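# below is the sequence, then the predicted model.
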Amino acid sequence: MATLTKKRKAADAKFDMNKVHSLAEATKVVKEISTTKFDASVDIAIRLGVDPRKANQMVRGTVTLPHGTGKVNRVLAIVTPDKEAEARAAGADFVGLDEYIEKIKGGWTDIDVIITMPSVMGKVGALGRVLGPRGLMPNPKTGTVTMDIAKAVTDSKGGKIDFKVDKAGIIHTRVGKVSFDADKLAENASEVLQAIVKLKPSSARGTYVKSVFLSSTMSAGIQIETKSFN
């Protein structure tokens, strides 16, 4: 186990690791204890009372953060020629069809989001082995397989994020950067939590939101109260 740096020890001493904070308090603390020289990401981890192995308890969705993520997504639009101008006008970084299918087959994945249309999904679906493990496979549920290419590109370039519960029943996602104002981080995190609460499976029993932690890159996790989300 790596030893903690002096900076990290000093930062951790600023708050009680056993205390459960309100969301507003937690966003202030996460800014105070960040020790990185770069503008660190702020992430939220939500442990849910679901069994992800059961299809009817899979929690997955999208949410648009009111203040963005602090990251500019590189968007690839794999579309037919008649949709290329629409994709470019909306801000897509890469636009095309067969040339990008071949590029991805060759291992190129220097992108954050892929947007495509239903008629092209046959070709994109064949790239599952490359795209699946990287979380890049377009999906109608997340709005990345659509005929409204312009809206999908605009959303992806803005503050839209996808989230999905993992095998351990936890959702991890980014809610901003340490440089964000604390209130903006809180509003972003609240938007994610509200979206997850709305997606509670009817088959889930017991406490739905079991724990919530906020952290920045290389910082300790700050526990957030869960009463208001249950």
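Yep, it's here. It should be emphasised that the depicted structure is a prediction, and the values quoted were computed from it without experimental measurement.
# and E86, how far from M117?
In this view, E86 and M117 are 11 Å apart by C-beta to C-beta, to the nearest Å. (Glycine included, C-beta is placed from N, CA and C.)
# spell out which residues are contacts of both of these two.
79, 149 (C-beta atoms under 8 Å, 6 or more residues apart in numbering).
# and the two? which has more neighbours close in?
Legend: neighbour count by other C-beta atoms under 10 Å for E86 and M117, higher for M117 (20 against 17).
# what's the following helix or strand after the lengthiest helix in the chain?
Longest helix of the chain, by residue count under DSSP state H: helix 182-198. Under the assignment DSSP states H and E, the closest C-terminal helix or strand after helix 182-198 is strand 209-216.
# show me which positions of that next one end up buried.
209, 211-216 (16 or more other C-beta atoms under 10 Å).
# what does stretch 72-90 give?
By neighbour count on 16+ other C-beta under 10 Å, the buried set for stretch 72-90 is 73, 75-79, 83-84, 86-88, 90.
# now do the longest helix of the chain against strand 209-216, angle only.
Helix 182-198 runs at 150 degrees relative to strand 209-216, counting by axes from the mean of the first three to the mean of the last three C-alpha atoms, to 10 degrees.
# what is helix 182-198 packed up against?
Under the contact definition 3 or more C-beta pairs under 8 Å, 6 or more residues apart in numbering; DSSP states H and E, helix 182-198 sits against helix 23-32, strand 41-48, strand 60-64, strand 160-164, strand 170-177, strand 209-216.
# mind showing which ranges of this protein have poor pLDDT?
1-15 (pLDDT under 70).
# name whatever forms a beta bridge with the residue positioned nearest the centre of it.
The chain has T173 as the residue nearest its centroid, 3.9 Å off, counting by C-alpha atoms, centre = their mean. Counting by DSSP bridges, T173 is bridged to I44.
# for F94, see how far away it is.
In this view, T173 and F94 are 24 Å apart by C-beta to C-beta.
# of the buried residues of stretch 72-90, which is the nearest to W108?
Taking C-beta to C-beta as the measure, W108 lies nearest L76 of those, at 9.6 Å.
# hang on, that closest one is in a strand, isn't it?
Yes - secondary structure of L76 (DSSP: H, G, I helix; E, B strand; the rest coil): part of a strand.
# so who does it touch?
Contacts for L76 (C-beta under 8 Å, 6+ apart) come out as 92-95, 100, 111, 113-115.
# please apply the same query to G143.
Residues in contact with G143 (C-beta under 8 Å, 6+ apart) are 62, 151-152, 155, 160.
# picking that back up, dump the helices and strands packed on helix 182-198 into TSV; add distance to A126 as well.
Formatted as TSV, the helices and strands packed on helix 182-198 follow (distance: least, C-beta to C-beta, whole Å):
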stretch	distance to A126
helix 23-32	42
strand 41-48	32
strand 60-64	23
strand 160-164	21
strand 170-177	28
strand 209-216	38
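# and of these, who's closest to L131?
Among the helices and strands packed on helix 182-198, the nearest to L131 by C-beta to C-beta is strand 160-164 (13.3 Å).
# which helices and strands sit right next to the closest one?
The helices and strands touching strand 160-164, judged by 3+ C-beta pairs under 8 Å, 6+ apart, are strand 60-64, strand 170-177, helix 182-198.
# can you tell me the strand partners of that strand and which way each runs?
When DSSP bridges is applied, strand 160-164 pairs with strand 60-64 (antiparallel).
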